[in-house]
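Undergrad: no sequence for this one, just the structure:
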């Protein structure tokens, strides 16, 4: 029973840290969010290239893993390009507005 009380206390401490997280960390800006997203896309691209290289050298036997990694990278890149295009389109629309 005492172990259960200690584990509840530990969960409560973690919950309090999570709730007070906004007090200790600064809020990220839109630029930081974009940079994080671009970094993740870059990591996916690098992982896909690495898996392809390992397949060619014979280090990876499962072709499915390589195809999944390269498709994830491809889809992430396509999404990034589409988001960029929409952002540019929105910017151009705002610039065409008359005040």
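TA: Arrived safely, thanks for sending. These numbers were taken from a predicted model, which means no experiment stands behind them. Numbers count the residues shown, from 1 in each chain.
Undergrad: So what's the residue count around residue 72?
TA: Residue 72 has 15 neighbouring residues, counting by other CB atoms under 10 Å. Placement of C-beta: from N, CA and C, glycine included.
Undergrad: if I pick the residue nearest to residue 38 when sequence neighbours are not counted, what's in contact with it?
TA: Distances taken as CB to CB, 6 or more residues apart in numbering place residue 80 nearest to residue 38, at 7.1 Å, with adjacent residues excluded. Applying CB atoms under 8 Å, 6 or more residues apart in numbering, we find residue 80 in contact with 37, 38, 41.
Undergrad: For the last one, which residues are in contact?
TA: The neighbourhood of residue 41, defined by CB under 8 Å, 6+ apart, consists of 73, 76, 77, 80.
Undergrad: I'd like the distance between residue 78 and residue 45.
TA: Here residue 78 is placed at a distance of 12 Å from residue 45 (CB to CB, to the nearest Å).
Undergrad: These two: who's more crowded?
TA: Taking neighbours as other CB under 10 Å, residue 78 and residue 45 compare with residue 45 leading, 17 against 11.
Undergrad: Return the per-residue confidence for the more buried one.
TA: pLDDT for residue 45: 95.
Undergrad: which SS class is it?
TA: helix (DSSP: H, G, I helix; E, B strand; the rest coil).
Undergrad: Who are the contact partners of it?
TA: 73, 76, 77.
Undergrad: And what about residue 52, helix, strand or coil?
TA: helix.
Undergrad: How many residues are close by it?
TA: 16.
Undergrad: my read: it touches residue 66, true?
TA: Yes. Counting by CB atoms under 8 Å, residue 52 does reach residue 66; the two are 6.1 Å apart.
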